[in-house]
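**Q** just the structure for this:
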Amino acid sequence: MLNIGIIVLFSFILVYSNIIILNEETLILVCFITFCIIAFNKLKDSISKDFEINSNKIATDTSKSLTELINSLKSVFIYKYTFKNIAFSLEALKKHFIIFGVISSKELPRYAIKNAEIIYPKKLIFTGRLENQASKLLALLLNYKLNRITNIQNFYTHNCQIVTFLCIDKIVLREYLKVL
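**A** Numbers count the residues shown, from 1 in each chain. Predicted coordinates:
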């Protein structure tokens, strides 16, 4: 580089000709520049290694960050595609549900009629059986009650000899004879 002797000689010439004034700021500046030059010459290998280590670390961090960014973008695109497919599937499901509702509402009256055609004859047959059984039961009850009434009337007429029942018996006998 530059020879220190030449720099010192050149500095004396500048100071002697009053181009550079020696005061404390200039001396501090000269000391600082000298320190920087000496430090750079002595520490340049250490500083360059430190810079290389830092640059390698920054490069690896940047590459890791870039790969993570790429992976996250891929996952975002996958999620976006998945959500798009889900939305499309929901739209298709909505269309199928609407079609199902329309077809169901058209077919519901037919189903109800067909179901009624199956159930009502069974109910009518059951009702017919119930009527027959009720009429038989009613006939039996009437027969039983009439039988009891005649037995009671016969008892009151013949055994108790109540006048009212004797009179009713004679009226019934006369009406019977007129019919014949």
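
**Q** which stretches of the protein form helices?
**A** Ranges of helices within the chain are 4-16, 24-154, 163-179, based on DSSP state H.

**Q** now these in CSV, with mean pLDDT and mean neighbour count?
**A** All C-beta spots, glycine's among them, are computed from the backbone N, C-alpha and C. What follows is those, written out as CSV (pLDDT from 0 to 100; neighbours: other Cβ atoms under 10 Å):
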stretch, mean pLDDT, mean neighbour count
helix 4-16, 81, 11
helix 24-154, 86, 10
helix 163-179, 70, 11
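
**Q** what separates the most centrally placed residue in the chain from Phe83, distance-wise?
**A** Centroid-nearest residue in the chain: Leu90, 12.2 Å away (criterion: Cα atoms, centre = their mean). Leu90 sits 10 Å away from Phe83 when distances are taken as Cβ to Cβ, to the nearest Å.

**Q** and for Glu131?
**A** Summarising the geometry, the distance separating Glu131 from Phe83, computed by Cβ to Cβ, is 67 Å.

**Q** what do you get for Ala112?
**A** Note on Ala112: its distance to Phe83, by Cβ to Cβ, is 42 Å.

**Q** now Leu73
**A** Distance from Leu73 to Phe83, counting by Cβ to Cβ: 15 Å.

**Q** just Lys122 next, same as before
**A** Using Cβ to Cβ, Lys122 is found at 54 Å from Phe83.

**Q** surely Leu14 is in contact with Ile20?
**A** Yes: the pair Leu14 and Ile20 passes the contact test of Cβ atoms under 8 Å, sitting 4.4 Å apart.

**Q** for Leu22, phi and psi?
**A** Dihedral angles of Leu22 (phi, psi; degrees, to the nearest 10) stand at phi -90, psi 110.
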